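J.: Next comes the sequence, and after it the predicted model I'd like to discuss.
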Amino acid sequence: SLSIYVVGELVYSSLDERALVGFNQPLLVRIPAARDVRGAAIVVRVDSPRVIGSVVSSVWVGSFVGLQHMFAARRWMQARIPEISAAVMLSLGIFALCFWLLRRKETAFLFFFLLTALYFVRNLRLFADDWVLDERWFGWIAVHSQGLLTVVTYVFALRAMNRRHPLAERLLLGLMLGLA
């Protein structure tokens, strides 16, 4: 949870909102206009389990009009671009899956679909809200999808070069599934 205090008084708490602050989502908090924050102590408190950890990259204080454009740009760069790129990649992967359904012998299409699906799952943590899934599950999915993404990339590269290493492929896939 995230809490913001101005001169010792709580002005924002993420627990008061229906949707919690997302993992990779910037946050724009309005401090009541009646408060004079010039020279005041502003405390940002983040509570999270130790195994998950949290970080606040930056805090900007200023007028809403002045910060609104920076907030919109940051949200676009930090959350929307990964979301759009993952969706575009997944749509290309679904297109490749349709090709694979027509030409089952060309497994490169299937591996490309798997790559894009794993890429989408890997990036899900960047744009999905925390209330959709617990942080621990997001962490588990991110770590294991990255490992599987590496294995599938290796196999896809071998297929693209018309080479196969069945023992290495099985060992890598078995290792990743065993670690899951």
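T.: Ah, there it is. Numbering: from 1, shown residues only.
J.: only C-alpha atoms for contact and neighbour calcs from this point on.
T.: OK.
J.: Run through the helices of this structure in chain order.
T.: Defined through DSSP state H, the helices belonging to the chain, from first to last, are 64-75, 81-102, 107-127, 135-160, 166-179.
J.: and the ones you listed, which is most packed in?
T.: Between the helices of the chain, the one whose residues have the most neighbours on average, counting mean count of other Cα atoms under 10 Å, is helix 107-127 (a mean of 21).
J.: who does that one touch, helix- and strand-wise?
T.: Helices and strands touching helix 107-127, as assessed by 3 or more Cα pairs under 8 Å, 6 or more residues apart in numbering; DSSP states H and E, comprise helix 81-102, helix 135-160.
J.: on that earlier part again, comparing the helices of the chain, which yields the minimum mean pLDDT?
T.: Confidence, taken as mean pLDDT, is least for helix 135-160 of the helices of the chain (a mean of 85).
J.: picking up where we left off before, same list (the helices of the chain) but as TSV, adding distance to residue 46.
T.: Below are the helices of the chain laid out as TSV (distance: least, Cα to Cα, whole Å):
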stretch	distance to residue 46
helix 64-75	20
helix 81-102	25
helix 107-127	18
helix 135-160	14
helix 166-179	31
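J.: Which among these is found nearest to residue 38?
T.: helix 64-75 (14.8 Å; Cα to Cα).
J.: Mind exporting the C-alpha coordinates of the closest one to CSV?
T.: Coordinates of each C-alpha in helix 64-75 appear next as CSV, following Å, rounded to 0.1, in the frame of the first residue of the first chain:
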residue,chain,number,x,y,z
PHE,A,64,-1.8,20.0,-11.2
VAL,A,65,-1.7,21.8,-14.6
GLY,A,66,2.1,21.8,-14.6
LEU,A,67,2.4,18.1,-13.7
GLN,A,68,-0.5,16.8,-15.8
HIS,A,69,1.5,16.8,-19.1
MET,A,70,4.5,15.1,-17.4
PHE,A,71,2.2,12.5,-15.8
ALA,A,72,0.5,11.7,-19.2
ALA,A,73,3.8,11.4,-20.9
ARG,A,74,5.2,9.1,-18.2
ARG,A,75,2.2,6.9,-18.2
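J.: for the record, mean pLDDT for stretch 38-51?
T.: Here stretch 38-51 scores 79 as its mean pLDDT.
J.: Alright, calling it a day.
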